[in-house]
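Visitor: After the sequence you'll find the predicted model.
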Amino acid sequence: MSAAAGAERGIGAPLLEVRDLRVTFARRGGPDTVAVDGVDFAVAPGEIVGLVGESGCGKSVTSLAIMRLLPERGNRVAGEVRMDGIDLLGLSDAAMRERRGRDLSMVFQDPLSSLNPVVPIGVQVTEVLRRHRGMRKEPARREAAELLDRVGIPDPRRRLGSYPHQLSGGMRQRALIAIALACRPRLLIADEPTTALDVTIQAQILGLLAELVAETGAALIMITHDLGVVAGLCDTVNVLYGGRIVERSQRHRLFATPRHPYTHGLLSSIPRLDSAPGEELVAIPGSVNDNLPWAHGCAFAPRCPRAMEACEQRTPAPEEIGGRLLRCHNPVPASAG
Amino acid sequence: MTDTLLEVSDLAVHFPIRRGVLVDRTVGHIRAVDGVSLMIRRGETYGLVGESGCGKSTLGRAILRLVDPTGGAVRFDGTDVAGLSGEPLRRMRRRFQMVFQDPLSSLDPRQSVGSLLMEGIRAHGLSKGAEADAARLHELVDAVGLPIGALRRYPHEFSGGQRQRIGIARALCVEPDLIVADEPVSALDVSVQAQVLNLLGRLQDRLGLTYLVIAHDLAVVRHVSDRVGVMYLGGIVEEAPSPALYGDPLHPYTRALLSAVPVPDPVLEDRRERILLTGDLPSPASPPSGCRFHTRCPWRRPDRCADERPQLRVIPGGDPGHRVACHHAEAIRDGRLRPHRVEPVIAGDDPLAPGLPPELPGSVTEVLGR
């Protein structure tokens, strides 16, 4: 599926395979909400895969389901998440806890709420090393200082004693990345890691993530709403809408010729630094509240400028067209870009 | 009637930092806005960009007198707003309105949209009888692209984009001249941002409004603004017509900022050279001496930068509307000065940062000598 991107970087068999992932939230006194509605994708070692979409498209829920971090009550997770031939969704809680942090780990959007506010950074990093790598106190501290140094925190020895509130947003995010990398995981999931940061700090963190992937050969799943972030970083891009992947392609192809009307709409609706100034933006009408359930047709149809009668009657099936996955009855012609 | 609607000169807003419980002592000041001068012409859109903490929102609020300036003057259509108080200020407020970032928290959840809009109209004595008012309300919701039925509904019943439209309608209901929009689209989903930006543009054309748009997103500001000011640590470091600023940035900070914005074009992204700034924004409680940016500037020189605060000026051979506050702007433009590596300075090292013990005792037990 990501053969083109894989070949570009010399990537082999997938490390993680997500098959037909479905997440349903039960609501008291109302119909269930389908947050993720059959998502399939794969990540190979050393590959950066992007999941892009607006709020409510299911991108974060997908990552939480992969990490098994969704609360058990009120949620139904179905499908398969295969790593090393094992379905992570079928593992016991204890076995999953072993893998979490060691084989796969996660960086969240808001570092302040994902770090323990009353424990110094150093303790939070050594905790992981001692728990998963069985290191003793002193070597763990040395390793922690090295990790902080690796993610670009100046004066790491002193910073081990700092509490999260003493660090700036960018530094906190670096500390969180250090914790995520402590056990050299083979898969890192970054959920909007730079959304809370300023652009100059964002550039630092994105550069760091790309460098770490190139260096360690780990795979990275990048979750974001920012198409600009994806364009510079990801090998393969998955565009999500209403809990399904509507388009997937190698990044150059996706941005040069977006075929799904939603991808196309997103790209023409954002003000860009490289566009002609003063021209009116082509907005996507309506909002996600207007979505049609996938069972009845295409979720995007009510907002889609290319919608036909069929779009509201038949659910578009995913099709492989010229190396890209597309879920649309009436895609944008390839030549029109 | 002059061409200039708003003139801000040497405006400063300093917030005192207070420590202690029994004894309230001022241990320092956050220099949120520190000597800003700018001028906005009638009918134009002035964009103010900068990173969080640079003072752009405080500047916007000080212009509207939502915070009281520490020094300087704000002349709105010839009247000094900074010196007004009481009834004259209240009457003046009709003419400048604000659109906030978060539309939900800036709308009263217990008031219907119709009553929200009527409140402003009544408060400023613009009511012209039930029939004329109803017509005016219809006109307002129609202008911002909402159905007439919206008037009877409450803020929580709308989506984020629609709420922002209500926020705009509320600003418009008193027929203002100037609208200060503080991050008008940053809380909205990308596909909805365009709707609101287009709406702001159409309303300006129709009603001849003047905008001050405050945002951190450089692409948004470029799209809407005629002229742009870039703020760093309480001061404007560069100001120019939008095409000049984005096409030919002169200040090192503007250059770094522009090079950091990701562009949704992989070909361009692969070719781009980023100017990576090291370290964080220094604390506005103890801003660096001289040029505020010199601690992070890759073009810093040992002379002047750390000692003398540069003023906004037009550089020789430059566009007269393009002003920059940098001692070495000409040398950087001509390539005579090359960027170098900068060792990061951590923001946490300043004496007033939270968490580090202050030199003077702060807590009650310490004050009482425990």
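Guide: Everything's here; your move. Bear in mind the structure is a predicted one, so any value in this text is a computation, not a measurement.

Visitor: sec struct for the residue of the stretch 101-250 of chain A found nearest chain B, please.
Guide: With Cβ to the nearest Cβ as the measure, A:G228 is the residue of the stretch 101-250 of chain A nearest to chain B, at 3.0 Å. To be clear about C-beta, it is placed using only N, CA and C from the backbone, and glycine gets the same treatment. When classified by DSSP: H, G, I helix; E, B strand; the rest coil, A:G228 comes out as helix.

Visitor: how near is it to B:D265?
Guide: 8 Å (Cβ to Cβ, to the nearest Å).

Visitor: cool, and B:G149?
Guide: In this view, B:G149 and B:D265 are 41 Å apart by Cβ to Cβ.

Visitor: Could you check which of the two has the larger neighbour count?
Guide: B:D265 (22 against 9; other Cβ atoms under 10 Å in any protein chain shown).

Visitor: Phi first, then psi, for that one.
Guide: phi -150, psi 100 (degrees, to the nearest 10).

Visitor: Can you tell me how far it is from B:R272?
Guide: Taken as Cβ to Cβ, the span from B:D265 to B:R272 is 10 Å.

Visitor: circling back: hey, what's in contact with both of A:G228 and B:D265?
Guide: Taking Cβ atoms under 8 Å, 6 or more residues apart in numbering or on different chains as the contact rule, the neighbours common to A:G228 and B:D265 are A:R272.

Visitor: tell me which strands and helices the lengthiest helix in chain B is in contact with?
Guide: Ranked by number of residues, the top helix in chain B under DSSP state H is helix B:190-207. With contacts defined as 3 or more Cβ pairs under 8 Å, 6 or more residues apart in numbering or on different chains; DSSP states H and E, the packing partners of helix B:190-207 are helix A:261-269, helix B:160-172, strand B:210-215, helix B:218-224.

Visitor: Can you add mean pLDDT, mean neighbour count and distance to A:T62 and give the ones you listed back as JSON lines?
Guide: Shown next, in JSON lines, are the helices and strands packed on helix B:190-207 (pLDDT from 0 to 100; neighbours: other Cβ atoms under 10 Å in any protein chain shown; distance: least, Cβ to Cβ, whole Å):
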{"stretch": "helix A:261-269", "mean pLDDT": "92", "mean neighbour count": "22", "distance to A:T62": "17"}
{"stretch": "helix B:160-172", "mean pLDDT": "92", "mean neighbour count": "24", "distance to A:T62": "22"}
{"stretch": "strand B:210-215", "mean pLDDT": "95", "mean neighbour count": "25", "distance to A:T62": "30"}
{"stretch": "helix B:218-224", "mean pLDDT": "91", "mean neighbour count": "24", "distance to A:T62": "27"}
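
Visitor: Columns distance to A:G297 on top of these, output as JSON lines?
Guide: Below are these laid out as JSON lines (distance: least, Cβ to Cβ, whole Å):
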{"stretch": "helix A:261-269", "distance to A:G297": "14"}
{"stretch": "helix B:160-172", "distance to A:G297": "23"}
{"stretch": "strand B:210-215", "distance to A:G297": "37"}
{"stretch": "helix B:218-224", "distance to A:G297": "33"}
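
Visitor: Would you mind telling me which of those is nearest B:T278?
Guide: Closest approach to B:T278 among those (Cβ to Cβ): helix B:218-224, 20.1 Å.

Visitor: Mind listing residues that contact the closest one?
Guide: Here helix B:218-224 makes contact (Cβ under 8 Å, 6+ apart) with A:199, A:270-273, A:275, A:277-278, A:281, B:45, B:47-49, B:185-186, B:193, B:197, B:200-201, B:211, B:213, B:215, B:228, B:242, B:246, B:257-258, B:261.

Visitor: now the angle from the helix or strand that it is followed by to strand B:210-215?
Guide: The C-terminal neighbour of helix B:218-224 among helices and strands, as given by DSSP states H and E, is strand B:227-232. With axes from the mean of the first three to the mean of the last three Cα atoms, to 10 degrees as the basis, strand B:227-232 and strand B:210-215 are set at 40 degrees to each other.

Visitor: Sounds good, over and out.
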